[in-house]
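Participant: The following comprises the amino acid sequence and a computationally predicted model.
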Amino acid sequence: MTLETVANLGLLFYMFLVGLEVEIKPISQTSKEALTISMAGFLLPFPVGYALHCMFVGDNIGVRTEAATYGPIFWGLALCTTNFSELAMILEDLKLLHTEIGRTALSATVVTDGIAWVLLVLLVATIKDMHVYTVILGSAFVIFCLLALRPAITWYIEQHAISNYHYEDFHICFVLTGVVACGYITDACGCHSILGGFMLGLIIPKGELKRVLMEKVEDFISGVLLPLFFLITGLRTNRQDIFNGQFPIVTIVSVIVLAFVVKIISTFVAAVFFNKMSPRDGLTLGLLMNTKGLLALIVINSARNEKILDNTTFTIIILAIWLMTVVVVPIVTLTHRSFRNSEKCSQRSLISLQPDSELRVLACFHSSHEVSSIINLLDASNPTKQSPIFIFAIHLVENNGRAAAMLIVHDACRINVGGDKKDHELLDSSQHVATAAFDGFKNKKEGITVQPLTTVSAYDTMHEDICNLAEENRTNIIILTFQPNAKSTGGGTNPGLINNHHLRSINKKVMEKSPCSVAILVDRGHRPPVASDSPSGNCQVGHHFMVLFISGPDDREALAYAERMSRSRTVALTVMRFIASDYIDNNRNDDNDGDDREEKEKAMDDQYFEGFRQKTRDNPLVNVGEVVVNSVEEVVKAIGTMAEEYDIIIVGKGRRSSDGQSSSKMLEGMEWSDYPELGLLGDALVCSTIAVSAWILIVQQGGSNGDDICWNGQVVDNGSGRLEEKLGHTIWQPLRVETPEFTPFVSRSSSCC
């Protein structure tokens, strides 16, 4: 009895934490699809659960009247539930949290859980002898909490903690005592005690007090007190009660199977026939919505406490609930993730983007200190009405094991773009600052659309969330940030950045798994100049960028990004191509011997570079030049001479062969230093080999390790030429222009607006 009392106390405190994290606004904005799924989860499972209980119990002698009346209702309600916390953790593990299926499942679960809680409270109240008075007193308590207690708590906080919002242990103990008091009141009213704890958590204003309470008591409640409730449930479950020969095995198996599949079927029908989902997605959603957890156990234990369920009916439904949750992850993994892995790749890049089409960018940041550098880069990317930029601003947060916070923060960020001050109380300080910065950028510039989001994951799997978001939103490029160690930059790192090891690991994995192009912005600590237009409308050059072009698809992708930037009146761009002297000699001698792939790459480089030259030849702010070099030392020397004149240097990551050498013979002999994920040239620019102070943008073209893009047989035109796939080979077809025969030359000139 003592253990059971402590377990119920832990459940009371846990429901207080649940109420503390619940937000009403995301529930009120639930989509039509989610409402359809949640309603389908009640319409069929409830009557089936009712019928299964009646079939299992039958006309057994000794069944009490209350058990015969209310037992089927508890079974039906248990089959209708979908536990939010377990579902959120499953979606996170399967990396479905930010997919359409994940969002629909979570939104539907919020509605389903809300209805289930209300029905449970009413059901427990009606069991009492004086159920009318129980319902009236319970309703009066809820109204008192909303209309009287909540304003009183808000007033106290404003009067006594408005200066610094510093809460002592006394305040925490006072709140926890209030939880017990509210639970006692609702229990005395005839309702379940958890109603009191939940209501107190719901009415406490969200802010610093919530954060302190979660820090102080969550680990103890979730890690010590709540497991006792599961222990009590396990002790009450006795498999011998159902396998003692009283009931045929066929009946037991039939009940468990029907209880298992009923919600899957109802959700599948609603998803496929009403929401027009594919059968695969409908099956996945049905399995996810069949996830059971704490709520179902509370329903069944409440019935057991009231002697509505006996040992047999309690055990059989517990086994069914256990089976439902156990099989979700392996089946969803087989039906959904394996299908995604077998899909044909659809890698996207900047080089395949039409000149006046929308650029979709996934901008990732770990703290508010990185936001300004990302905004400066996007500002220089020439957003206009004709060529807009859609920005998915993703705040990357380490998972602290709090599943409810994942949805609340995510929904708050998604819903409250441009919202009022109260809406932003849902966000932490970093996300608040970041959202305000992106909102200001959106309001200042035409052609900008911003959707702020927050993803909460472990660092080891955060790259999967990033890649899934990029695939889900069909982005063209992912922008990551990176600040080297102080010894490499000559200065300190910004506060608030995550451990450099974690950041590098995320960047490496994203570059390996990305479905689109990736750019890493190396933050040098200082603020680059911000471009603006003068009142007279004349351009004021605020950005001086340089592209270092060597060879390969990554360099062509970097040049494609620079070409978009060059359309801006505030960007002065210098493109410098380095050509090996032996390449010129081979061209003069018409020597076609050598590696066939390398020759094709060089041909594509020549054609694309010439196409860029022709496209920008009338732009006075674009300077194009070529430098002939004999060794890697000459490359390093030339870059070191020019690099200090520019704000940002743009380079391609470059490929590596299996032996670690660069695919460009020009860079052979250059050694890796600290950051191989930046490529040979990017690593040299960051570290001691060249070590420039300018910001650096390292670009990798569309997909893993800079591999060629999947063009699916289509011709893609970006205005300066087009990529075609012929006979299994991707070739670059430049615009047909009347120009003299192309020969390498060196050209550097200055021009002004």
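Facilitator: Nice, I can see it. Being a predicted model, the structure only gives us computed values, none of them experimental. Numbers count the residues shown, from 1 in each chain.

Participant: just so I have it, where are all the strands in the stretch 351-500 of the chain?
Facilitator: Taking DSSP state E, counting those that start in this stretch as the test, the strands found in the stretch 351-500 of the chain are 359-365, 389-398, 448-457, 477-482.

Participant: Go through the ones you listed and name the closest to Ile298.
Facilitator: Closest to Ile298 of these is strand 448-457 (CB to CB; 25.5 Å). (Glycine included, C-beta is placed from N, CA and C.)

Participant: partners of the closest one in the sheet?
Facilitator: Applying DSSP bridges to the sheet, strand 448-457 is found paired with strand 389-398 (parallel).

Participant: Return the set of buried residues in the partner strand.
Facilitator: Using 16 or more other CB atoms under 10 Å as the test for burial, strand 389-398 gives 389-397.

Participant: okay, now the nearest residue to Pro484 once chain neighbours are set aside: neighbour count?
Facilitator: Spatial nearest neighbour of Pro484, chain neighbours left out: Val686 (5.4 Å); criterion: CB to CB, 6 or more residues apart in numbering. Applying other CB atoms under 10 Å, we find 24 other residues in the vicinity of Val686.

Participant: And Met604, by the same measure?
Facilitator: Residue neighbour count, defined by other CB under 10 Å, stands at 21 for Met604.

Participant: How about the contacts made by the spatially most central residue of the chain?
Facilitator: Computing the C-alpha centroid of the chain and ranking residues by CA atoms, centre = their mean puts Thr455 first, at 3.6 Å. By CB atoms under 8 Å, 6 or more residues apart in numbering, the contact list for Thr455 reads 97-98, 394-397, 410, 462, 465-466, 469.

Participant: With distance to Val332 and pLDDT as added columns, please give these in JSON lines.
Facilitator: As requested, these are exported to JSON lines (distance: CB to CB, whole Å; pLDDT from 0 to 100):
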{"residue": "Leu97", "distance to Val332": "13", "pLDDT": "75"}
{"residue": "His98", "distance to Val332": "16", "pLDDT": "73"}
{"residue": "Ile394", "distance to Val332": "24", "pLDDT": "91"}
{"residue": "His395", "distance to Val332": "27", "pLDDT": "89"}
{"residue": "Leu396", "distance to Val332": "24", "pLDDT": "88"}
{"residue": "Val397", "distance to Val332": "24", "pLDDT": "84"}
{"residue": "His410", "distance to Val332": "20", "pLDDT": "41"}
{"residue": "Met462", "distance to Val332": "21", "pLDDT": "87"}
{"residue": "Asp465", "distance to Val332": "17", "pLDDT": "86"}
{"residue": "Ile466", "distance to Val332": "21", "pLDDT": "90"}
{"residue": "Leu469", "distance to Val332": "19", "pLDDT": "87"}
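
Participant: okay if I get the residues you listed as TSV plus distance to Thr109?
Facilitator: Formatted as TSV, the contacts of Thr455 follow (distance: CB to CB, whole Å):
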residue	distance to Thr109
Leu97	13
His98	16
Ile394	23
His395	23
Leu396	24
Val397	21
His410	14
Met462	23
Asp465	19
Ile466	24
Leu469	21
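
Participant: Among those residues, which one sits closest to Val111?
Facilitator: His410 (16.9 Å).

Participant: Can you read off the pLDDT for the residue nearest to the centre of the chain?
Facilitator: Looking at Thr455, its pLDDT stands at 82.

Participant: now do Arg617
Facilitator: 89.

Participant: who does the strand or helix carrying His544 touch, helix- and strand-wise?
Facilitator: Element membership for His544, per DSSP states H and E: strand 543-549. With contacts taken as 3 or more CB pairs under 8 Å, 6 or more residues apart in numbering; DSSP states H and E, strand 543-549 sits against helix 553-565, strand 571-580, strand 648-652.

Participant: Can you name the residues in contact with it?
Facilitator: Contacts of strand 543-549 (CB under 8 Å, 6+ apart): 380, 528-529, 531, 555, 558-559, 562, 565, 568, 570-578, 605, 609, 639, 642-643, 645-652, 681, 694.

Participant: hmm, 6 Å instead?
Facilitator: Residues outside strand 543-549 that contact it (CB atoms under 6 Å, 6 or more residues apart in numbering): 380, 531, 555, 559, 562, 571-577, 646-651.

Participant: Repeat that for stretch 267-285.
Facilitator: With CB under 6 Å, 6+ apart, stretch 267-285 has contacts from 33, 36-37, 40, 101, 105, 286, 289, 332, 335-336.

Participant: ok, now with 10 Å
Facilitator: Contacts of stretch 267-285 from elsewhere in the structure, counted by CB atoms under 10 Å, 6 or more residues apart in numbering, are 31-34, 36-41, 43-45, 82, 94, 96, 99-102, 104-105, 108, 261, 264-265, 286-290, 328, 331-332, 335-337, 339-340.

Participant: same question, stretch 51-59
Facilitator: 63, 67-68, 70-76, 78-79, 242, 247, 251-252, 254-256, 258-259, 262, 309-310, 312-313, 316-317, 320.

Participant: ok, for Thr616, nearest residue in space, not its chain neighbours?
Facilitator: Nearest residue to Thr616, sequence neighbours excluded (CB to CB, 6+ apart): Val622, at 4.2 Å.

Participant: What does Tyr385 show for phi and psi?
Facilitator: To be clear, residue 385 is Lys; Tyr isn't right here. Dihedral angles of Lys385 (phi, psi; degrees, to the nearest 10) stand at phi -60, psi -40.

Participant: mind listing what it touches?
Facilitator: Lys385 is in contact with 356, 446-447, counting by CB under 10 Å, 6+ apart.

Participant: Considering those residues, which possesses the most neighbours?
Facilitator: For these, neighbours tallied by other CB under 10 Å; top is Gly447, 16 neighbours.

Participant: is it true that that residue touches Gln386?
Facilitator: Yes. Judged on CB atoms under 10 Å, Gly447 makes contact with Gln386 at a distance of 7.6 Å.

Participant: Check the residue nearest to Thr616 and give its pLDDT.
Facilitator: Here, the pLDDT recorded for Val622 equals 92.

Participant: Against Arg524, how distant is it?
Facilitator: Counting by CB to CB, to the nearest Å, the gap from Val622 to Arg524 is 24 Å.

Participant: what do you get for Leu195?
Facilitator: Separation of Leu195 from Arg524 (CB to CB): 56 Å.

Participant: higher neighbour count, these two?
Facilitator: A count of neighbours by other CB under 10 Å puts Leu195 above the other of Leu195 and Arg524, at 28 against 22.

Participant: Go through the strands of the stretch 351-500 of the chain and find the least confident stretch.
Facilitator: Looking at the strands of the stretch 351-500 of the chain, the bottom one is strand 448-457 with a mean of 86.
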